[in-house]
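1. With the input below, show me the fold.
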Amino acid sequence: MEEHRKTLGALAEKLAADHLQRKGFKILARNYRCRYGEIDVIAIDGKTLVFIEVRAKGSTGFGTPQESITRQKRLKIREVARYYLTNEVRKGSFCRFDVIAVQFEAGGRKVKEMEHIENAF
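-> Next comes the predicted model:
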């Protein structure tokens, strides 16, 4: 079960990065890691630096992908973003946090729905 979840997560991150590139975003990093945690995608949208959390689910039995982002997860993402802004070359004059939620059909790898939420938190 864990392996299936990781596979869906990796597929969702690839689909999200492809979606962002089609929208004109420039991908700076995928799976950026530091001592505080990880951010799935870091990109530039115009002059805005965007930190993107990608969430995927194969069913809605326990809520939607968007609903799975807890307050604790949002705080962790902000901490990683703060580290990135402090320690990496800064690109963009503003920053925001987006979420891309991917709902797969039950038990499959076919996308049922994908939603990009800008300024999610």
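2. quick one, helices of the chain?
-> 2-22, 71-87 (DSSP state H).
3. Mean pLDDT and distance to L28 added to those helices, as a markdown table?
-> The way it works is simple: take the backbone N, C-alpha and C, and place the C-beta from them, glycine included. What follows is the helices of the chain, written out as a markdown table (pLDDT from 0 to 100; distance: least, C-beta to C-beta, whole Å):
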| stretch | mean pLDDT | distance to L28 |
| --- | --- | --- |
| helix 2-22 | 86 | 11 |
| helix 71-87 | 93 | 9 |
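4. Is it possible to get JSON lines of the ones you listed that adds distance to R109 and mean neighbour count?
-> Listed next are the helices of the chain as JSON lines, based on distance: least, C-beta to C-beta, whole Å; neighbours: other C-beta atoms under 10 Å:
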{"stretch": "helix 2-22", "distance to R109": "6", "mean neighbour count": "15"}
{"stretch": "helix 71-87", "distance to R109": "24", "mean neighbour count": "15"}
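5. Quick one: closest of these to R33.
-> Taking C-beta to C-beta, helix 71-87 is the member of the helices of the chain nearest to R33, at 8.2 Å.
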